[in-house]
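Chemist: I need the structure of the sequence given here:
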Amino acid sequence: MTSFLQGLLLGFSIAAPVGPIGVLCIRRSIADGRWIGFATGLGAAMADAAYGCVAAFGLTAVSGFLVGQRFWLGLIGGTFLCWLGVRTFLSKPADRAAASRDGGAGAAFGTTILLTLTNPMTILSFAAVFAGFGFGATSEFDRAGWLVAGVFLGSAAWWLLLSCGAGLLRNKITPRLMQIVNRLSGAVMIAFGIYAFFALPTSP
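Modeler: Sure thing, here's the model as predicted:
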């Protein structure tokens, strides 16, 4: 149970800093409703749990492959962020109901998993933190399992709080303010995408 509580705190603290996923969650919660926003965050929580499994269970071959492909993962992630940022920047408030029907929670969930999994620093962060907890190739599977479960639920708790909080503003946002939200959110995501390009290793 101690490992589970450690995982809860770790998952919550990893998810809490507002990065591109946080901006995306806030924007979707306001534009499409809190449950679409929560689906966005849940995709990030699932990806965090997947990388947590790799780190906690000592899957060195998988982690080594992912770290070795960090150039291409970063390139894909940066490109996807820029594309999503441009799309958000150009979207109009009048289109938000149609966008919600066309994409829905499944699309929100899937795009966020892709964004999170293509961040090569995620696996490095988990590997470092889990090594501090004493997990490695010879980890006890029950302890590792409880820790990963805690990471997922802790991350999901943060996204539920964020999406519900942002969703409360939905009915108070005018079309003009929604357009400003779209422009700001899109610009921030484009900036994160450009930063991802600058953070790429010098060679594949």
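
Chemist: okay, helices next: where are they in the protein?
Modeler: Listed from the start of the chain, the chain has helices (DSSP state H) covering 2-15, 20-32, 34-56, 60-68, 70-90, 96-117, 120-132, 141-167, 175-198.

Chemist: would you reformat these as JSON lines and include mean neighbour count?
Modeler: For the C-beta atoms, the positions are set from N, CA and C on the backbone; glycine is no exception. Formatted as JSON lines, the entries for the helices of the chain read as follows, by neighbours: other Cβ atoms under 10 Å:
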{"stretch": "helix 2-15", "mean neighbour count": "19"}
{"stretch": "helix 20-32", "mean neighbour count": "25"}
{"stretch": "helix 34-56", "mean neighbour count": "24"}
{"stretch": "helix 60-68", "mean neighbour count": "14"}
{"stretch": "helix 70-90", "mean neighbour count": "18"}
{"stretch": "helix 96-117", "mean neighbour count": "17"}
{"stretch": "helix 120-132", "mean neighbour count": "18"}
{"stretch": "helix 141-167", "mean neighbour count": "20"}
{"stretch": "helix 175-198", "mean neighbour count": "17"}
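
Chemist: residues contacting the residue at minimal distance from the centre of the chain?
Modeler: Within the chain, the residue whose C-alpha comes closest to the C-alpha centroid is Ala44; the distance, by Cα atoms, centre = their mean, is 3.4 Å. Applying Cβ atoms under 8 Å, 6 or more residues apart in numbering, one finds that Ala44 lies in contact with 15, 21, 112-113, 115-116, 155, 159.

Chemist: try Cys25
Modeler: In this structure, Cys25 makes contact with 37-38, 40-41, 159, 162-163, 166, judged by Cβ under 8 Å, 6+ apart.

Chemist: how about these in CSV, adding pLDDT and distance to Thr88?
Modeler: Compiled in CSV, those are given as follows (pLDDT from 0 to 100; distance: Cβ to Cβ, whole Å):
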residue, pLDDT, distance to Thr88
Gly37, 91, 14
Phe38, 94, 18
Thr40, 92, 12
Gly41, 92, 16
Trp159, 92, 18
Leu162, 91, 17
Ser163, 92, 16
Ala166, 89, 15
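
Chemist: what stretches of this structure score poorly on pLDDT?
Modeler: 1, 18, 58-67, 93-103, 120-140, 203-204 (pLDDT under 70).

Chemist: try it again with 90
Modeler: Low-confidence segments of the chain, defined by pLDDT under 90, are located at 1-24, 27-28, 30-34, 44, 47-108, 110-151, 155, 166-204.

Chemist: who's in contact with Cys164?
Modeler: Shown in contact with Cys164 (Cβ under 8 Å, 6+ apart): 29, 34, 38.

Chemist: return the member of the residues you listed nearest to Leu10.
Modeler: Comparing the contacts of Cys164 against Leu10 with Cβ to Cβ picks out Phe38 as the nearest, at 20.2 Å.

Chemist: apart from its neighbours in sequence, what residue is nearest that closest one?
Modeler: If you skip the residues right next to it in sequence, Phe38 has Ser163 as its closest partner in space, 4.1 Å away by Cβ to Cβ, 6 or more residues apart in numbering.

Chemist: sweet, I'm off.
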